[in-house]
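Chemist: Pasting a predicted model and its sequence here:
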Amino acid sequence: MKCPKYIKNLCYKRAKAASKFMDYDFEIYNWLEDHNIQVENYDILTGCESIVNPYPSSDRIIKAIKESENE
């Protein structure tokens with residue numbers, strides 16, 4: 001079976017988005033590590049929540065950063 005062009009394009013778009021996601025995720029992880037800020041494993045380094053619930057996961061990371069200011 002020949003792969004439809006739109007499916008092929010979607011596959012490459014998904015791969016590009018995943019690659020960008022991993023770059024951003026690693027940059028966030030490094031920043032958190034440099035500042036000794038702990039977050040749940042499922043929110044960082046391609047953790048399941050960072051992928052399937054990206055907005056709540058981002059909110060938890062931001063909350064952890066804000067809470068670290070109070071320490």
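Modeler: Looks like it arrived, so ask away. Numbering: from 1, shown residues only.
Chemist: Would you map the helices across the protein?
Modeler: 5-34, 48-52, 54-69 (DSSP state H).
Chemist: What's the mean pLDDT across the shortest one?
Modeler: Per-residue pLDDT over helix 48-52 has a mean of 95.
Chemist: pull the CA atoms of that helix into PDB?
Modeler: Only the C-alpha atoms of helix 48-52 are listed here, as PDB (Å, rounded to 0.1, in the frame of the first residue of the first chain):
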ATOM      1  CA  CYS A  48       4.000  11.000  30.900                       C
ATOM      2  CA  GLU A  49       2.200  14.100  32.300                       C
ATOM      3  CA  SER A  50       4.400  16.400  30.300                       C
ATOM      4  CA  ILE A  51       3.100  14.700  27.200                       C
ATOM      5  CA  VAL A  52      -0.500  13.800  27.900                       C
END
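Chemist: Centre of the chain to it, how far?
Modeler: Computed by C-alpha atoms, centre = their mean, to the nearest Å, the separation of helix 48-52 from the middle of its chain amounts to 7 Å.
Chemist: Can you point out the buried residues in that helix?
Modeler: Of the residues in helix 48-52, those buried under the neighbour-count criterion (16 or more other C-beta atoms under 10 Å) are 49-50. Any C-beta I mention is one placed from the backbone N, CA and C, and that applies to glycine too.
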